[in-house]
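Visitor: requesting a structural model of the entry that follows:
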Amino acid sequence: MPKATQLVISLESKPGVLAKVCRTLANAGVNITALYAGEAAGRGKIRLLVSDRAEAVAALKAAKYRVSEEPVFTQVLENRPGIMAELAERLAQARINVKYAYATTATQSGATVVLSVSNVDKAAALLGY
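Guide: Numbers count the residues shown, from 1 in each chain. Predicted coordinates:
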């Protein structure tokens, strides 16, 4: 799954917000497969990859969250030193900017890295997708 669409929820940064978003998805039977939650100037932004995007959007909107969608690139990387450097270098050589990146939990075999890049289609082509 090299090209994907992540959900983005912008909200106030305060205790319990992440818990409520996650509970909303759990109650809808939606699994979170990747998550990034960051803060800037008292506002939080939660970015998610989920098992069922349509169901997640419906559940979040029903709970009165404003949800948007963004294209991202995902790459499964083996679990070894230097693999992320190699990926970042290939993207840089192709003049593809990485705006931000986050990853799933690493296992013995590897992890999925989620990257917001300047050109998702170019990144997918570069890496053979």
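
Visitor: bridging residues for residue 98?
Guide: residue 117 (DSSP bridges).

Visitor: mind listing what's buried in the host helix or strand of residue 74?
Guide: In this structure, residue 74 is located in strand 67-78 according to DSSP states H and E. Within strand 67-78, the residues that qualify as buried are 67, 72, 73, 74, 75, 77, counting by 16 or more other C-beta atoms under 10 Å. (C-beta placed from N, C-alpha, C; glycine too.)

Visitor: same for the next helix or strand after it, what does it pack against?
Guide: Using DSSP H and E, the next helix or strand after strand 67-78 towards the C-terminus is helix 83-93. The contact analysis (3 or more C-beta pairs under 8 Å, 6 or more residues apart in numbering; DSSP states H and E) places helix 83-93 against strand 67-78, strand 110-117, helix 120-126.

Visitor: which of those sits closest to residue 103?
Guide: Closest to residue 103 of the helices and strands packed on helix 83-93 is strand 110-117 (C-beta to C-beta; 4.7 Å).

Visitor: show residues contacting the closest one.
Guide: Contacts to strand 110-117, defined as C-beta atoms under 8 Å, 6 or more residues apart in numbering, come from residues 4, 6, 33-34, 36, 47, 49, 70, 72-79, 84, 87, 91, 96-105, 123.

Visitor: hmm, residue 120 and residue 73 touching each other?
Guide: Yes - the criterion here is C-beta atoms under 8 Å, and residue 73 meets it with residue 120 at 5.1 Å.

Visitor: tell me the mean pLDDT for stretch 105-123?
Guide: Stretch 105-123 comes out with an average pLDDT of 86.

Visitor: distance from that stretch to the middle of the chain?
Guide: Chain-centre distance of stretch 105-123: 9 Å, with C-alpha atoms, centre = their mean, to the nearest Å.

Visitor: for that stretch, which positions count as buried?
Guide: Across stretch 105-123, burial judged by 16+ other C-beta under 10 Å covers 110, 111, 112, 113, 114, 115, 116, 117, 119, 120, 123.
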